[in-house]
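[1] Below are the sequence and a predicted model for it; my questions follow.
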Amino acid sequence: MNPQKIVAYMMQEDLFSQWLGIEILEVKEGYSKIKMLVRQEMINGFGIVHGGIAFSMADSAFAFACNNRNNISVAMDTSINFIQPVHPGDVLTATAVEIHNGRSTGLYHITVTNQKENLVAHFKGTCFRTGKLLVAEHNN
């Protein structure tokens, strides 16, 4: 099954990514690129966007990149560096790039940029590959 179909299948049930307003821009093996508009209800008590929003967006890009070969992969370790604040009205783009594709683990770097192409966050994710199919072969 091709990577685009795998991610489309994932998005059908991913209510949180849907709530975020994520749009899939590009998918290929071990790679994903997504975007979203930051909404007013995403701000924290300081008037800037809650860090969990950038984290969650990067985590979704990570999931789409590490699962799109139809091998269920789950996060083992993640970290994020917040570079610049995010504001309501910003359009964020997260790009997940595979650094290592092993039999049982994978390593991914995800950059999150705003509409001005400024880096706002850098996320690193390591996944564990379960060896189980995400989409049954008969659904091809």
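    It's in. Note that this is a predicted model, so its numbers are computed, not measured. Numbers count the residues shown, from 1 in each chain.
[2] From Phe55, how far off is Ala75?
    Here the distance between Ala75 and Phe55 works out to 11 Å (C-beta to C-beta, to the nearest Å). To be clear about C-beta, it is placed using only N, CA and C from the backbone, and glycine gets the same treatment.
[3] Between the two, tell me which one has more neighbours.
    Phe55 (18 against 14; other C-beta atoms under 10 Å).
[4] from memory the more buried one sits against Ile80, does it?
    Yes: using C-beta atoms under 8 Å, Phe55 is in contact with Ile80, at 5.2 Å.
[5] Now do the shared contacts for these two.
    121, 123 (C-beta atoms under 8 Å, 6 or more residues apart in numbering).
[6] rewinding a little: so what sits against both of Ala75 and Phe55?
    Common neighbours of Ala75 and Phe55 are not found (criterion: C-beta under 8 Å, 6+ apart).
[7] show me the contacts for His37.
    Residue 37: Leu, not His. So Leu37 contacts 21, 89-91 (C-beta under 8 Å, 6+ apart).
[8] one more time with 7 Å, if that's ok
    By C-beta atoms under 7 Å, 6 or more residues apart in numbering, Leu37 lies in contact with 21, 91.
[9] Where do the strands of this structure begin and end?
    Counting by DSSP state E, the chain has strands at residues 23-28, 31-37, 73-82, 91-101, 105-113, 119-129.
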